[in-house]
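give the three-dimensional model of this entry:
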Amino acid sequence: MKSYRRLLLGGIFAAAGLAAALPACAQSLPEALALAYANNPAINAQRAGTRSVDETVALAKSGYRPTVAGTGYISKSWTRSPLGSATTVLYPGGFGVEISQSLYDGLRTQNNVRAAKSAVMASRETLRNVEQNVLFDAAAAYMDVLRDRAIAGYRRKSLEFLNEQVRSESSRFDVGESTRTDVAQARGRRAGAQAQLSAADAQLKSSIAIFRQVIGQDPKNLKTPGTVVKHLPSNSTVAVQIAQANHPAIKATEHLVDQALFNVKSAEGELLPTVSLNGSVNRDYDTGVNTDRDSARITANLRVPIYQGGRVSATVRQNKEILGQRRIEVDQSVDNVRAAVVSAYSQLEAAQSAAVATRTQLDAANLALQGAIEERKVGQRTTLEVLNTQQDVIDAQIALAQTERDLVVASYAALSAIGKLDPDTLGLGVRRYEPEDHYLAVKDKWYGLRTPDGQ
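Numbers count the residues shown, from 1 in each chain. All right, here's what the predicted structure looks like:
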């Protein structure tokens with residue numbers, strides 16, 4: 001039992017060991033994802049839920065096992081003779097043990113066990129899906145912070161540029177080389193830049209808060225990551241085939257179909273006869289006459305259901321409708337996953353094209369700004385034209401920050417859509433949580449109130 005407990009502690013609390021082993025602050029995206037895998041409460045809550053579903057197998061298997069109960073009684077009785085001359089007072093009592101063993105229950109226990117095992121498998125796939133969603137959210141949160149920090153930096157540099165423009169135009173106005181209009185235009189753009197910087201700082205604070213919520217630590221020293229395109233199929237057609245065979249959302253609904261089917265069979269089992277074997281051992285005594293009596297009994301019971309008020313029939317019909325619902329949900333999951341794969345690949349292709357275009361746009365805007373500044377010095381450009389060109393540079397920088405974020409996030413979305421956004425595929429170097437460890441520890445337990453982790 002102790003070895004089993006150590007095994008479970010190693011699997012269930014791998015997350016706690018991981019948190020101590022990783023750096024204090026996530027610097028790379030894989031480190032951030034590993035922290036989310038270890039610390040995110042949504043994942044840990046689903047793991048606890050999966051462990052609770054494991055116990056349904058032990059509950060179902062209890063139908064195979066005997067039940068044992070201790071019994072006892074004590075009483076007091078009075079007996080008066082017909083003439084009322086004497087009264088006899090007795091104190092009868094007794095104690096014993098009763099044992100009951102089901103021999104045949106219409107295969108209900110067998111089908112209940114199969115249904116419970118299917119529920120366990122569905123819960124594991126649900127856990128895998130939650131892990132995927134959290135890892136994707138962590139990747140998106142990581143890239144959002146990088147994007148918003150870059151945008152805030154661009155806004156801050158833009159404000160510095162406009163402060164210099166206001167100072168330059170004011171100096172030129174003082175010597176008669178500029179007009180009040182030029183100064184007003186520069187000051188107006190500076191005021192707008194100050195408002196945009198405030199908005200960018202507010203958005204950055206929001207992204208940092210989400211980063212903390214998903215990953216569990218504040219972001220520091222983040223590194224610009226690459227995409228995970230190398231883990232993706234070359235086209236969406238192959239990706240859809242992989243997703244249909246591997247995605248946890250589909251596999252979970254398939255296991256729920258199995259569970260519903262066994263529930264139908266279990267309900268139908270209530271229409272079949274049941275056979276049980278009952279045994280008892282008792283000792284009765286009476287302190288009034290000082291007599292002890294020992295007795296034992298073994299009884300085989302046959303019960304044939306004839307009519308249960310329509311309850312069993314309604315239960316069977318209800319479970320059949322649930323089975324039909326679960327089968328429809330499989331088709332719905334397949335459609336949802338297919339749509340998610342096609343959408344993710346479309347967004348990835350769009351982000352790849354946008355990244356190339358925005359880099360070209362930024363290079364052109366920088367050249368145009370340098371030329372406009374030089375031409376402004378010799379009077380060939382107006383202040384407004386310089387300000388507009390500088391705004392084009394800022395817009396291109398922000399667009400590039402957005403497309404770089406979208407490109408990385410789209411690649412993670414595509415990997416999630418095919419069902420392979422997991423620590424092994426990403427190479428996170430973190431020990432996987434293995435739900436099988438807990439299942440093996442509890443599925444055949446006959447007794448015990450403590451969980452494998454000692455609670």
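
how many residues are close by Phe211?
Residues within reach of Phe211, counting by other CB atoms under 10 Å, total 24. Heads up, the C-betas are built off the backbone N, CA and C, glycines and all.

that one against Pro219, yeah?
Yes. With contact defined as CB atoms under 8 Å, Phe211 and Pro219 form a contacting pair (4.9 Å).

find the residues that touch each one of these two.
Counting by CB atoms under 8 Å, 6 or more residues apart in numbering, the residues touching both Phe211 and Pro219 are 142, 145.

could you tell me the end-to-end distance of stretch 230-243?
With CA to CA, to the nearest Å as the measure, the first residue of stretch 230-243 is 16 Å from its last.

so which bits of that stretch are buried?
Of all the residues in stretch 230-243, those buried under the rule 16 or more other CB atoms under 10 Å are 231-233, 236, 239-240, 242-243.

where do the strands of the protein begin and end?
67-74, 77-80, 87-90, 92-104, 274-286, 291-303 (DSSP state E).

quick one: distance of the fourth one to the chain centre.
Between the mean C-alpha point of strand 92-104 and the mean C-alpha point of its chain there is a distance of 47 Å (CA atoms, centre = their mean, to the nearest Å).

how about that strand: buried residues?
Along strand 92-104, the positions that meet the burial threshold by neighbour count (16+ other CB under 10 Å) are 92, 94, 96, 102.

and those residues as CSV, adding distance to Lys117 and pLDDT?
As requested, the buried residues of strand 92-104 are arranged in CSV below (distance: CB to CB, whole Å; pLDDT from 0 to 100):
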residue, distance to Lys117, pLDDT
Pro92, 49, 84
Gly94, 43, 89
Gly96, 37, 93
Ser102, 20, 94
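
nearest to Ala344 among those residues?
When those are ranked by distance to Ala344 (CB to CB), Ser102 comes first, at 51.6 Å.

quick check: closest non-adjacent residue to that closest one.
Of all residues not flanking Ser102 in the chain, Ser276 sits nearest, at 5.0 Å (CB to CB, 6 or more residues apart in numbering).

the one you found is in contact with Leu103, isn't it?
Yes. With contact taken as CB under 8 Å, Ser276 and Leu103 are classed as touching, separated by 6.0 Å.

give me the common contacts of the two.
By CB under 8 Å, 6+ apart, Ser276 and Leu103 have these common neighbours: Ala300.

show me which residues of stretch 261-275 are buried.
With burial defined by 16+ other CB under 10 Å, the residues of stretch 261-275 counted as buried are 261-270, 274.

could you do stretch 147-167 as well?
Taking 16+ other CB under 10 Å as the basis for neighbour counts, the residues of stretch 147-167 that come out buried are 147-152, 154-155, 158-159, 161-162, 165-166.

now do stretch 437-454
437-443, 451-452.

likewise stretch 43-60?
Of the residues in stretch 43-60, those with enough neighbours to count as buried (16+ other CB under 10 Å) are 43, 46-47, 50-51, 53-58, 60.

right, and Asn263 touches Ala116 too?
No. Counting by CB under 8 Å, Asn263 sits too far from Ala116 to count as a contact (10.1 Å).

relative to Pro435, how far out is Ser168?
Here the criterion is CB to CB, to the nearest Å. By it, Ser168 lies 66 Å from Pro435.

meant to ask about Ala191, not that
Counting by CB to CB, the separation of Ala191 from Pro435 is 58 Å.

please say which of these two ends up with more neighbours.
Pro435 (21 against 13).

pretty sure the more buried one sits against Thr126.
No. Applying CB under 8 Å as the test, Pro435 and Thr126 come out as separate, 10.6 Å apart.

circling back: which residues touch the residue nearest to Ser102?
With contacts defined as CB under 8 Å, 6+ apart, Ser276 is in contact with 100-103, 300-301, 303.

out of those residues, which one sits closest to Met121?
Using CB to CB, Ser102 is the member of the contacts of Ser276 that lies nearest Met121, at 26.3 Å.

so that closest one sits right up against Gly269, yeah?
No. Under the criterion of CB under 8 Å, Ser102 is not in contact with Gly269, lying 11.8 Å apart.

quick revisit: of the contacts of Ser276, which pair is most distant in space?
Longest distance between any two of the contacts of Ser276 is 14.3 Å, between Gln101 and Arg303; criterion CB to CB.

neighbours around Arg359, how many?
Residues near Arg359, counting by other CB under 10 Å, number 15.

before we move on, what about Ala209?
Look at Ala209: counted by other CB under 10 Å, it has 12 neighbours.

please determine how far it is located from Val68.
According to CB to CB, Ala209 stands 56 Å off from Val68.

now Val130
40 Å.

kindly report the same for Thr79.
In this structure, Thr79 and Val68 are 36 Å apart, going by CB to CB.

before we move on, what about Ala191?
Using CB to CB, one obtains 84 Å as the distance from Ala191 to Val68.

please apply the same query to Arg212.
For Arg212, the distance to Val68 (CB to CB) stands at 53 Å.

which of those two has more neighbours?
When neighbours are counted by other CB under 10 Å, Arg212 and Val68 differ, and Arg212 comes out ahead with 14 against 11.

pretty sure that one contacts Asp218?
Yes. With the criterion set as CB under 8 Å, Arg212 and Asp218 qualify as a contacting pair; they are 5.5 Å apart.

where does the prediction get shaky in this protein?
Per-residue confidence for the chain (pLDDT under 70) gives these ranges: 1-26, 81-86, 177-178, 288-290, 376, 378-379, 381-384, 454.

just list the residues touching the residue nearest the centre of the chain, thanks.
For the chain, the residue nearest the mean C-alpha position is Val130 (2.4 Å; CA atoms, centre = their mean). Contacts for Val130 were tallied using CB under 8 Å, 6+ apart; they are 42-43, 46.

please apply the same query to Ser416.
Residues 132-133, 135-136, 344 are the ones in contact with Ser416 under the rule CB under 8 Å, 6+ apart.

widest-spaced pair of these?
With distance counted by CB to CB, no two of these lie farther apart than Leu135 and Ala344, which are 14.5 Å apart.
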